[in-house]
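# predicted model, plus sequence, below.
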Amino acid sequence: MLRLDRLTVGFALVCGAAAGQTVNCDLQGYKPLDGLKAEMRGGALEFAWRGEHDQQLRAAFTIRAGQPQVQELAARKNGGQWVVLGNALQPEFHVTSGKRRMSMAQAAQFKLLKIEVTPELYDKEKWMTFWDAPLVVPGVPGKGDSYPLPRDPSEVRRAAATFHSDSCRVSTEGARLAVTFPGLEMGIFSGELQYTVYRGSNLLRQEAVAKTNEPSVAYIYSAGLKGFDIAKHPAVVWRDSARAWQKYEFGGDTNTEPVALRARNRLAIVDAGAGSLAAFPPPHKFFFAREDEVNLGYVYYRKDSDGAFAVGALQPEKGEGYHPWGATDTEWKRRSGTSEGHWDNYALYNAPAGTLQHMAMYFYLSPEDDRATQQAVLAYTHDDVFKPIPGYKVLASHFHLDFNELLRDRATLDYRPPWVDVFHALGINIVNLGDFHDDSDPRDPGPKRFMEQKVYFEGSARISDRDLLFIPGEEPNAFLGGHWWMLTPHPVYYSHAEPRPANQTFTENDPTYGPVYHLGSQDDILRLVNKENGIWYSTHPRTKNTAGFPDAYRNKDFFLTDRDIGASWESLPVDLSEKRLCEVRCFGVMDDSSNWAPKPKFMLAEGDTYTKWPDDETYPLLAVNYIKLDRVPLFKEGWGTVIDGLRAGNFYGTTGEVLFHNYGVSGSGSRRVYTANVEWTFPLEFAELVWSDGNKVNRQIIPATEMPPFGSHEFKIPFDATGKKWVRFAVWDSAGDGAYTQPVTLNPPASPSENR
């Protein structure tokens, strides 16, 4: 009987013609657990684990001629017959890479700030870029692209993974079990192949963990399994973007490329007779921001022969853009200034040299049919809906939908755009709109702009409902520096022409619109938000057109007041080596700003996207805020309760899979406790308590890998508050999803600054 608790065990793996060759498998990290074990069976390493609803699952691994192989995937109901979901399957990965550049928008902001873009600054800031398209050759100079251009075709490289494995290692971490195979080579990347299973879940995570030593790499990847027997797996099924079920039964000719499926919920399912096997990417970490949510096709099949096929997840090499309301293809291409249109923005993932990139996808093993499997997989994202939590309402922010232009073009205020239904279907209660961005007449000094604002306000009032409020906000981007957003608790007419006409005063009583404001300076903005009980915050800080901010105005009065609530959280850039979404830029801004200001600053989760349609894949590209509210205010009541909640920091950001029910700090003096009641879907990774003394940020990591999927827990973390200015809390799951609270003051300053 093989003892699996030995540090290193030699066992026979089937290795092609060299069957019976002894290969060392390092087991020093393995610990047998109830419902989660590894053992040798028939010359292969077998994982056996307890899944959802007490289902039993198994995955067997072997090596053939250096190639790791999934010898078998199988599932059964408790006490039922085993259903084989696949045999002799080979993992496949492919990367396409280009060269990361810094955007011209960033360079323009640094120039305005009189900051020289040295080679050192360029190499740092290129990783914060948004407007970049490393696969678009030669590029679009002078129109929102990166620099220097042109791109050379030789920059774009493609490579499929090859393997040279002769060993493996098995490890247990909490309630998960992993096997790792070395010897993965993929063009400029090299590393390992890893499979992970989780007790209490039917998930099997397949990932390449690899790095490159090249200096400026941006990339995308695909991942899957090949070798499915068509005789045993007669179809791949999925729902299309209209939610109709589709299937392909491999009756056509063979494919040379993966066939990207525009599948709803990013999910394809292999029919295995009595059971099924689902394939899908991570719900949020797989996606990078690109200003729209057009479904590009994120899962694939490929018929390799008359007897075999592959299935997996992918990022296509080319994006597609949205069509603005009322614009023809010709007009949109003219407005965007390119032959391809606005969708030349396709930034890919960052891969700084030496960082371990986790190129992951999931399989879901099921003894049920495809419909039941689909429902089981969608439970991990609450059916792509932001789940309602008592005492909270879901707030989504930063959408440029050209609403007032749409209404004026249609010559009616009684039009319900399809995006209303998109937000409603997502479970969102409050939407922060942002007209006057690239539409209408934002710089008009008054009459024309006020007419457009009136349409905007009245249209927002008509599409709002009892549980879906549309707030007519704006990103004025005037006078302060960079981009910023302003919200008032009711419609306010104001202009912000630069410069303000000499004959205009700060306020006037307009015969048509009543009291109106004319902003002409930083002080005017602060006067307006104080008088109207509004707030403002930086949008996409340290990137896009806010590069260099909020750093550049950290000492300004308008930043130090608590009318400035902080900045926006938007998951860009994406670096798959980071444990948290937007780890460096977003949380770096929040923590730095909280140190600079008398009171902590907050981070409002935002989308920053444009036109959207019901067939888009909006959920994976969106993070939202759960704000403490008992009800959604009616439009006619104003949204002062929303403003008050944001200003007080009574909200948290989340991707939707991790949710807080309540949270906060208790105790007094130096002995405090952070308590948070949390629920989640994917198996957890870790929780963290983050704090600062006003200068240095520190954190306590609470491992959570023993937590089961679809769980809940009350975290109670005692800490010493001595010398600490603020503290915040976050929880992250194994798929890269998470939720974070806003920082709270622990030791307020002796003389807090008054609002100005």
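All right, it came through fine.
# now stretch 255-274: buried residues?
Residues 258-272, 274 are the ones in stretch 255-274 that count as buried (16 or more other C-beta atoms under 10 Å). Bear in mind the C-beta positions are built from the backbone N, C-alpha and C, glycine included.
# scratch that, stretch 133-143
Within stretch 133-143, the residues that count as buried by 16+ other C-beta under 10 Å are A133, P134, L135, V136, G139, V140.
# SS state for the first one?
Three-state call for A133 (DSSP: H, G, I helix; E, B strand; the rest coil): coil.
# SS state for G319?
With three-state DSSP as the criterion, G319 reads coil.
# now do K454
Secondary structure state of K454, per three-state DSSP, is helix.
# how about the helices in the stretch 351-500 of the chain?
Ranges of helices within the stretch 351-500 of the chain are 370-378, 403-410, 418-425, 447-463, based on DSSP state H, counting those that start in this stretch.
# what's the least confident stretch among these?
Among those, helix 403-410 carries the lowest mean pLDDT, a mean of 92.
# so what does that helix touch, helix or strand wise?
If contacts are counted by 3 or more C-beta pairs under 8 Å, 6 or more residues apart in numbering; DSSP states H and E, helix 403-410 sits against strand 430-435, helix 447-463.
# between those, which one is nearest to K544?
Ranking the helices and strands packed on helix 403-410 by proximity to K544 (C-beta to C-beta) places strand 430-435 first, at 13.9 Å.
# which strand is the longest one in this structure?
Longest strand in the chain, counting residues (DSSP state E): strand 83-99.
# check which element follows that strand along the chain.
Toward the C-terminus, strand 83-99 is succeeded by strand 102-103 as the next helix or strand (DSSP states H and E).
# can you tell me which of the buried residues of stretch 255-274 are in strands?
Reading strands off those with DSSP E, I get V259, A260, L261, A268, I269, V270, D271, A272.
# quickly check these for the two that are furthest apart.
It's A260 and A272 that sit farthest apart of these, by C-beta to C-beta, at 22.4 Å.
# coming back round to it: dump the buried residues of stretch 133-143 to CSV, plus pLDDT and distance to Y198.
Below are the buried residues of stretch 133-143 laid out as CSV (pLDDT from 0 to 100; distance: C-beta to C-beta, whole Å):
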residue, pLDDT, distance to Y198
A133, 95, 37
P134, 97, 34
L135, 96, 34
V136, 93, 39
G139, 90, 43
V140, 82, 44
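# and the residue most central in space within the chain, what helix or strand is that in?
Centroid-nearest residue in the chain, with C-alpha atoms, centre = their mean: H284, separated by 4.0 Å. If you go by DSSP H and E, H284 is not part of any helix or strand.
# who touches it in this structure?
S571, L581, P620, L621, A623, T655, E657, A735, G736, D737 (C-beta atoms under 8 Å, 6 or more residues apart in numbering).
# of those residues, just the buried ones, PyMOL syntax please.
Selection of buried members from the contacts of H284 for PyMOL, criterion 16+ other C-beta under 10 Å:
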select buried, resi 571+581+620+621+623+655+657+735+736+737
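# between the contacts of H284, which is nearest K696?
Closest approach to K696 among the contacts of H284 (C-beta to C-beta): L581, at 23.3 Å.
# helix or strand next in line after the one helix or strand in the chain whose mean pLDDT sits lowest, which one?
In the chain, no helix or strand scores lower on mean pLDDT, DSSP states H and E than strand 8-12, which sits at a mean of 40. Next in sequence after strand 8-12, counting helices and strands by DSSP H and E, comes strand 22-29.
# helices or strands up against that following strand?
In terms of contacts (3+ C-beta pairs under 8 Å, 6+ apart), strand 22-29 is packed against strand 8-12, strand 168-173.
# which strands or helices does the longest one pack on?
Packed against strand 168-173, as judged by 3+ C-beta pairs under 8 Å, 6+ apart, are the following elements: strand 22-29, strand 176-186.
# and for that strand, what's in contact with it?
23, 25-33, 36, 38, 45, 61, 63, 68, 177-182, 705.
# about what we covered before: and the ones in strands among the buried residues of stretch 255-274 as JSON lines, adding distance to H94?
Shown next, in JSON lines, are those (distance: C-beta to C-beta, whole Å):
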{"residue": "V259", "distance to H94": "14"}
{"residue": "A260", "distance to H94": "13"}
{"residue": "L261", "distance to H94": "17"}
{"residue": "A268", "distance to H94": "17"}
{"residue": "I269", "distance to H94": "22"}
{"residue": "V270", "distance to H94": "20"}
{"residue": "D271", "distance to H94": "25"}
{"residue": "A272", "distance to H94": "25"}
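# return the member of those residues nearest to D523.
Proximity of these to D523 (C-beta to C-beta) peaks at A260, which lies at 52.9 Å.
# picking that back up, sheet partners, orientation included, of the longest strand of the chain?
Counting by DSSP bridges, the strands paired with strand 83-99 are strand 67-76 (antiparallel), strand 157-160 (antiparallel), strand 217-229 (antiparallel).
# other residues contacting the shortest one?
Outside of strand 157-160, the residues that reach it under the criterion C-beta under 8 Å, 6+ apart are E92, F93, H94, V95, T96, S97, G98, M186, G187, I188, F189.
# show me the two of those that sit farthest apart.
Spatially, the most separated pair among these is E92 and G98, at 21.3 Å (C-beta to C-beta).
# so which of those two has more stuff around it?
For E92 and G98, the more surrounded residue by other C-beta atoms under 10 Å is G98, and the numbers stand at 24 against 18.
# so the more buried one makes contact with E155?
Yes: the criterion here is C-beta atoms under 8 Å, and G98 meets it with E155 at 5.3 Å.
# now do the shared contacts for these two.
In contact with both G98 and E155: P134, using C-beta under 8 Å, 6+ apart.
# could you give the number of residues near P182?
P182 has 16 neighbours, counted by other C-beta under 10 Å.
# look at I525 and tell me its secondary structure.
Going by three-state DSSP, the secondary structure assigned to I525 is helix.
# for it, give me its contacts.
Shown in contact with I525 (C-beta under 8 Å, 6+ apart): P476, F479, L480, M486, L519, W536, F558.
# for it, give its distance to F549.
As for I525, its distance to F549 is 15 Å (criterion: C-beta to C-beta, to the nearest Å).
# show me what contacts the residue nearest to H437 when sequence neighbours are not counted?
Distances taken as C-beta to C-beta, 6 or more residues apart in numbering place H400 nearest to H437, at 4.3 Å, with adjacent residues excluded. H400 sits next to G434, D435, H437, D438, D439, E475, D608, T609, Y610 when contact means C-beta under 8 Å, 6+ apart.
# export those residues to CSV and tack on pLDDT?
Shown next, in CSV, are those (pLDDT from 0 to 100):
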residue, pLDDT
G434, 97
D435, 96
H437, 93
D438, 86
D439, 90
E475, 97
D608, 95
T609, 94
Y610, 92
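# contacts only, for N78.
By C-beta under 8 Å, 6+ apart, the contact set of N78 is H53, D54, Q55, Q56.
# doesn't the first one belong to a helix?
What it means is H53. Yes: applying three-state DSSP, one finds H53 inside a helix.
# just give me the neighbour total for it.
A count of neighbours around H53, defined by other C-beta under 10 Å, yields 12.
# just the second one next, same as before
Here the neighbour count serves as a burial measure; for D54 (other C-beta under 10 Å) it reads 11.
# quick check: it vs Y380, distance?
Going from D54 to Y380 by C-beta to C-beta gives 18 Å.
# quick revisit: so which of the helices and strands packed on helix 403-410 is nearest A208?
Closest to A208 of the helices and strands packed on helix 403-410 is strand 430-435 (C-beta to C-beta; 38.0 Å).
# return the alpha-carbon coordinates of the closest one using CSV.
C-alpha atoms of strand 430-435 as CSV (Å, rounded to 0.1, in the frame of the first residue of the first chain):
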residue,chain,number,x,y,z
ILE,A,430,-29.1,53.0,-8.7
VAL,A,431,-27.2,54.1,-11.9
ASN,A,432,-24.9,57.1,-12.0
LEU,A,433,-25.1,58.4,-15.6
GLY,A,434,-22.5,60.6,-17.2
ASP,A,435,-23.8,62.6,-20.2
